[in-house]
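Undergrad: using only what follows, build the 3D model:
(chains A, B, C and D)
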Number of protein chains: 2
Amino acid sequence: MAVRSARTRAEVERKPRADSLRNRERLLKAATRVFSAGGPEASLEAVARRAGVGIGTLYRHFPTREALFEAVYRREVDELAGLAERLAHEAEPIDALRQWLGAFVQLVATKKGMLAALSLAAQAPPSELYAYSFDRLTTALDGILKRAIAAGQMRSDITPEDLLRALLGLSYSYERPDWQATVTRLIGVFVDGLMVKR
Amino acid sequence: MAVRSARTRAEVERKPRADSLRNRERLLKAATRVFSAGGPEASLEAVARRAGVGIGTLYRHFPTREALFEAVYRREVDELAGLAERLAHEAEPIDALRQWLGAFVQLVATKKGMLAALSLAAQAPPSELYAYSFDRLTTALDGILKRAIAAGQMRSDITPEDLLRALLGLSYSYERPDWQATVTRLIGVFVDGLMVKR
DNA sequence: TGAAAAACGGAGGGCGCCTCCGTATCTGTA
DNA sequence: TACAGATACGGAGGCGCCCTCCGTTTTTCA
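TA: Next up is the predicted model:
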């Protein structure tokens, strides 16, 4: 008697192992530094080394380079999306857009890896794993765009995806001397083009 | 006696060896195909294999990936630049610009590697080798821009380099289903933004 | 025709990708 | 506290690519 459980299995969720959590955290920290220094094609083995973890462990936690990227930059993406949502309510549509774009450039200035991450996300659809980042941002942007269009201030044939891609593309000259000014200027031109004539 | 030469050396240019010329040609042909299929990071060993040539030979002819790229796409660049020069004389400035941008997109559609090549050129300055392509295009574009600005049809704070970079960036969503339409639309928006307000 | 110059080609050392599986560690139960 | 099963670890190993180096082959020129 007292043998209460017996088949309790299969539906019982164990809590994640402590070492697993610890390693995941270490990997994220290491990846942040390595990507930030070495760009999007930095060596994953270097990440594992820096984390003090076997390469197998890295791959178990993050099956693809993309997955690791996304995990590293998810927080940034969330913030960016949150800002868009806030601006959609608090500012005039066109201003909201300009402010958000400015914030984006600002962010890229400090977290260069993010641009690479999002660009990967924006590329080929095969990267199913990226859905999160890209969706999150386009959805948030959509709020701003819809209002601007409804207010008759912006042309209606540009989707949030278009805008995001354009933004990513235009930002791609980062890594040059005066890039930030240049990119800001280019984005300004683009926004001017978005505004309804007159 | 009869020993006429003796120190004739050092200033005498021999004609290039026939096999060298032949191999160079083969490599260019192979590279064109391989880059076009595999994108900018295609394997150089694959190029050598396809050319039926040793890897050492490839490296002797083209010491860097960039050098090979440039050699492959130099002809295209020249054509593009030539078109810009012609358009600068034959068309209304803004039209000339639109036509040239359209031609660019068209070209990228068939020679995808070119986009990668030019993008590399537009990146970090270290790539001395790219100077040619980038200079050639910006110079040619400058003709169109100058006229448009002089005619009071275009804002004056955008340089040819800016425009080229923007073009490259905006084109970067190629490799997706409907990219050509999208890119054309985005470029259209950008040009609208370039035009002097009303 | 033969010697010197030029070019060839691929082996080899290094590195990164990713998989696979024997071993070590942790968790829940009694 | 002890132990069995579940879970995670780690790195060796196979593969491909990068690039260099040098012994061998081919071509040129006199």
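Undergrad: how about low-confidence regions in chain A?
TA: Using pLDDT under 70 as the threshold, the predicted model of chain A has low-confidence ranges A:1-12, A:123-130, A:198.
Undergrad: okay, now the domains of it?
TA: Residue ranges for each domain of chain A read A:18-63, A:73-194, as given by automatic domain parsing.
Undergrad: chain B contacts on chain A?
TA: Contact residues of chain A with respect to chain B, defined by C-beta under 8 Å from any C-beta of the partner chain, are listed as A:119, A:122-125, A:155, A:157-158, A:162, A:165-166, A:168-173, A:175-176, A:182, A:185-186, A:188-194, A:197-198. The C-beta positions use only the backbone N, C-alpha and C, and glycine is treated the same way.
Undergrad: among these, name the ones in helices.
TA: Of those, the ones assigned to helices by DSSP state H are A:119, A:122, A:162, A:165-166, A:168-170, A:182, A:185-186, A:188-194.
Undergrad: kindly give a single ChimeraX line that selects the buried subset of those.
TA: Per 16 or more other C-beta atoms under 10 Å in any protein chain shown, the buried members of those correspond to this ChimeraX selection:
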select /A:119,122,162,165,166,168,169,170,182,185,186,188,189,190,191,192,193,194
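Undergrad: OK, contacts around A:Arg155?
TA: Going by C-beta atoms under 8 Å, 6 or more residues apart in numbering or on different chains, A:Arg155 touches A:149, A:194-196, B:189.
Undergrad: A:Lys29 too?
TA: With C-beta under 8 Å, 6+ apart as the criterion, the residues that contact A:Lys29 are A:Ala51.
Undergrad: helix or strand: which one has the most centrally placed residue in chain A?
TA: If you average the C-alpha coordinates of chain A and look for the closest C-alpha using C-alpha atoms, centre = their mean, you land on A:Val77, 4.1 Å from that point. Using DSSP states H and E, the secondary-structure element containing A:Val77 is helix A:65-90.
Undergrad: buried residues of that helix, list them for me.
TA: For helix A:65-90, by 16+ other C-beta under 10 Å, it's A:65-66, A:68-73, A:76-77, A:80-81, A:83-85, A:87-88.
Undergrad: need the residues of chain A near DNA strand D, please.
TA: With C-beta under 7 Å from any atom of the strand as the criterion, chain A meets DNA strand D at residues A:9, A:14, A:16-17, A:19-20, A:23, A:52-57, A:59-61.
Undergrad: next step: those residues restricted to strands.
TA: Secondary structure defined by DSSP state E assigns none of these to strands.
Undergrad: from the residues you listed, which land in helices?
TA: Mapping these onto helices (DSSP H) picks out A:19-20, A:23, A:55-57, A:59-61.
Undergrad: give me the buried subset of those residues.
TA: In those, the ones that pass as buried (16+ other C-beta under 10 Å) are A:23, A:57, A:61.
Undergrad: about what we covered before: for DNA strand C, tell me which of the contacts of A:Arg155 show up nearby.
TA: Restricting the contacts of A:Arg155 to those near DNA strand C by C-beta under 7 Å from any atom of the strand leaves nothing, as none qualifies.
Undergrad: tell me which of the residues you listed is nearest to B:Phe104?
TA: For B:Phe104, the nearest member of the contacts of A:Arg155 is B:Val189. The distance, counting by C-beta to C-beta, is 15.8 Å.
Undergrad: who are the contact partners of the closest residue in space to the closest one that isn't next to it in sequence?
TA: The spatial neighbour of B:Val189 that comes closest, neighbours along the chain excluded (C-beta to C-beta, 6 or more residues apart in numbering or on different chains), is A:Gly193 at 3.9 Å. Listed by C-beta under 8 Å, 6+ apart, the contact set of A:Gly193 reads B:188-194.
Undergrad: same question, A:Lys111
TA: Under the contact definition (C-beta under 8 Å, 6+ apart), the residues listed for A:Lys111 are A:36, A:73, A:76.
Undergrad: go through the residues you listed and name the one nearest B:Leu107.
TA: Ranking the contacts of A:Lys111 by separation from B:Leu107, with C-beta to C-beta as the measure, puts A:Tyr73 on top at 33.7 Å.
Undergrad: looking at it, the closest one is touching A:Leu115, isn't it?
TA: No: the pair A:Tyr73 and A:Leu115 does not pass the contact test of C-beta atoms under 8 Å, sitting 9.6 Å apart.
Undergrad: pretty sure A:Tyr132 sits in a helix.
TA: Yes: secondary structure assignment (DSSP: H, G, I helix; E, B strand; the rest coil) places A:Tyr132 inside a helix.
Undergrad: send me stretch A:137-155 as CSV with only the CA atoms.
TA: Output for stretch A:137-155, consisting of C-alpha atoms alone and laid out as CSV, is shown next (Å, rounded to 0.1, in the frame of the first residue of the first chain):
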residue,chain,number,x,y,z
LEU,A,137,7.3,44.2,-35.9
THR,A,138,5.0,44.2,-38.9
THR,A,139,2.0,43.9,-36.8
ALA,A,140,3.1,46.8,-34.6
LEU,A,141,3.9,48.9,-37.6
ASP,A,142,0.6,48.2,-39.1
GLY,A,143,-1.0,50.2,-36.3
ILE,A,144,0.9,53.3,-37.3
LEU,A,145,0.4,52.8,-41.0
LYS,A,146,-3.3,52.2,-40.8
ARG,A,147,-3.8,55.5,-38.9
ALA,A,148,-1.7,57.4,-41.3
ILE,A,149,-3.5,56.1,-44.2
ALA,A,150,-6.9,56.7,-42.6
ALA,A,151,-5.9,60.2,-41.9
GLY,A,152,-5.2,60.6,-45.6
GLN,A,153,-1.6,61.4,-45.0
MET,A,154,0.0,58.4,-46.5
ARG,A,155,-0.3,56.4,-49.7
